[in-house]
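Undergrad: Provide a 3D model corresponding to the input given below.
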Amino acid sequence: MPLSDLLDNISNRTARVGVIGLGYVGLPLAITAARAGFRVTGFDTDPGKITAVEARKSYIEAVPDAVLAAEVAAGRFAATADFAGLALCDVIVICVPTPLTRHREPDLSFITRTCDDIAKTLRAGQVIVLESTTYPGTTDGPVKRILEAGGLVSGRDFYLGFSPEREDPGNRAFDTSTIPKVVAGDGADAGRLVAAFYGAVVKTVVPVSSTATAEAVKLTENVFRAVNIALVNELKVIYEAMGVDVWEVIEAAKTKPFGYMPFYPGPGLGGHCIPIDPFYLTWKAREYEIPTRFIELAGEINSGMPRHVVQRLAEALDQRLGLALSRAKVLVVGLAYKKNVPDIRESPSLKLIELIEERGGQVSYHDPFVAEIPKTRAYGALMGRKSVALDEASVGGFDAVLIATDHDGLDYAALAQWSRLIVDTRNVFARRGIAADHVVKA
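TA: Numbering: from 1, shown residues only. Predicted coordinates for the structure are as follows:
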């Protein structure tokens, strides 16, 4: 298909769109593209997701049931596990996970398997865009090599691009259509096509000069967050020793109208991005024999926070109740990695539970968004545990309550009344003006 015809088909929304991976990134993108007028097919290997779409039930908070149902009913969105359907798509967007190995090295297996699937039906005139976070050089390296292995050439026969995902689960101020989209192509023609597609789907497109630059943009955003969170986590430990409340310090510091941006401490990092993405850059930098000291130090500080919190919990139990952690019953409030979402990927709460139990404590959890702990890569022993009730009778049976995630819908005033001891890692009681002598910040 000539470039001009492909551009016209994108402009008039007759181009068929395929989105591979219907998770936190892929499903919102697919629905946003469908609402923009494209016919979209979602591809996923998880039969549960296919069944949910067919039943018109969303499993992602950012996509309400009614919105999903409307696009399915209109024939603009469907989901399938049959990847042969990729042959019918003019634009294919890859939204699959990019985890780390046990040795903190990039695991591109999801990307490479997806590219193998695309290569089976790749044809001239298709646009392939990677959204998965990765190190600079992935798109024009392994992705391009796999797709070109059959004889078609990027920039001549098909068009390759990268556009980093910027989803923020639980953030109601922005959605997929309103978050500016960084875009890049493997060559000028690919760049025009990728910009044209996203320009038809989102409000603002930010073109950059190369796919490696676009890949670096995403890593830079998350390295920035990881390093600054590590900084305030370290300050928290320092100020605790000095008897200074780091939360009060931050609130006062952020009144400065220039030269300061507030970041907040916590029990550790969670989610798929910040704990993982910076190490993609660390790994790639080794190829150039360049150390990444800030990134590695930030990772060390942030990964050490759960142990610090558990130590604070142990000290509080001993000093306030005369009770050893090994004999204590602890309720962890909040399993999700951030408030108001059901996402437990890399959640520090899982590590907190593991550490407390390693020291002999008994742990239960409550989370209104996570009724049962699903299968995880690192915490298989916790699978199947269920959220307990958050009422006076239940809370009264625990020696301490550990606030790991500050979900908005919980009754913290009542929780303060029911509890013997609270260890608050999110400053939620002070922020809500709930004064209680038995609340310890950590």
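
Undergrad: tell me where the stretch 301-442 of the chain has helices.
TA: Along the stretch 301-442 of the chain, the stretches classed as helices by DSSP state H, counting those that start in this stretch are 348-358, 392-395, 412-418, 428-431.

Undergrad: nearest to residue 246, of those helices?
TA: Comparing the helices of the stretch 301-442 of the chain against residue 246 with Cβ to Cβ, the closest turns out to be helix 428-431 (11.3 Å). (Glycine included, C-beta is placed from N, CA and C.)

Undergrad: and the closest one, what's buried?
TA: Across helix 428-431, burial judged by 16 or more other Cβ atoms under 10 Å covers 428, 429, 430.

Undergrad: burial of the closest residue to the first one other than its chain neighbours, as a residue count?
TA: Using Cβ to Cβ, 6 or more residues apart in numbering and skipping residues adjacent in sequence, the residue nearest residue 428 is residue 406, 4.1 Å away. Counted with other Cβ atoms under 10 Å, residues neighbouring residue 406 total 21.

Undergrad: which helix in this protein has the most residues?
TA: When the chain is scanned for its longest helix (criterion: DSSP state H), the result is helix 211-242.

Undergrad: restricting to C-alpha, output the very next helix or strand once past it in CSV.
TA: Sequence-wise, the next helix or strand beyond helix 211-242 is helix 246-253, with elements assigned using DSSP states H and E. Output for helix 246-253, consisting of C-alpha atoms alone and laid out as CSV, is shown next (Å, rounded to 0.1, in the frame of the first residue of the first chain):
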residue,chain,number,x,y,z
VAL,A,246,9.8,14.4,57.1
TRP,A,247,6.2,14.9,56.1
GLU,A,248,6.1,18.3,57.8
VAL,A,249,9.4,19.2,56.1
ILE,A,250,8.0,18.3,52.7
GLU,A,251,4.8,20.2,53.2
ALA,A,252,6.7,23.3,54.2
ALA,A,253,9.3,22.9,51.4
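
Undergrad: any idea how far residue 37 is from residue 16?
TA: With the distance defined as Cβ to Cβ, to the nearest Å, residue 16 ends up 12 Å from residue 37.

Undergrad: the two: which has the busier surroundings?
TA: The residue with the greater number of neighbours, taking residue 16 and residue 37 and applying other Cβ under 10 Å, is residue 16; the counts read 17 against 13.

Undergrad: gap between the lowest-mean-pLDDT helix or strand in the chain and the chain center?
TA: Lowest by mean pLDDT, DSSP states H and E among the helices and strands of the chain is helix 3-11, with a mean of 93. Using Cα atoms, centre = their mean, to the nearest Å, we find the averaged C-alpha position of helix 3-11 to lie 33 Å away from the chain's own average C-alpha position.

Undergrad: buried ones in it?
TA: Under the neighbour-count criterion of 16+ other Cβ under 10 Å, helix 3-11 has 6, 7, 9, 10 buried.

Undergrad: check contacts around the residue of the chain most remote from its centre.
TA: If you look at how far each residue of the chain sits from its centre, by Cα atoms, centre = their mean, the farthest one is residue 322, at 39.4 Å. With contact set as Cβ atoms under 8 Å, 6 or more residues apart in numbering, residue 322 has no partners.

Undergrad: now do the strands in the stretch 301-442 of the chain.
TA: Using DSSP state E, counting those that start in this stretch, the strands of the stretch 301-442 of the chain run over 329-333, 362-366, 400-403, 422-424, 439-441.

Undergrad: related to what we said a few turns ago, which of the buried residues of helix 428-431 lies closest to residue 440?
TA: The nearest member of these to residue 440, counting by Cβ to Cβ, is residue 429 at 10.1 Å.

Undergrad: excluding chain neighbours, give the residue nearest to that closest one in space.
TA: Among residues not flanking residue 429 along the chain, residue 439 sits closest, at 4.9 Å (Cβ to Cβ, 6+ apart).

Undergrad: residue 424 is in contact with the one you found, correct?
TA: Yes - with contact defined as Cβ atoms under 8 Å, residue 439 counts as touching residue 424 (5.5 Å).

Undergrad: overlap of the contact sets of the two?
TA: residue 430.
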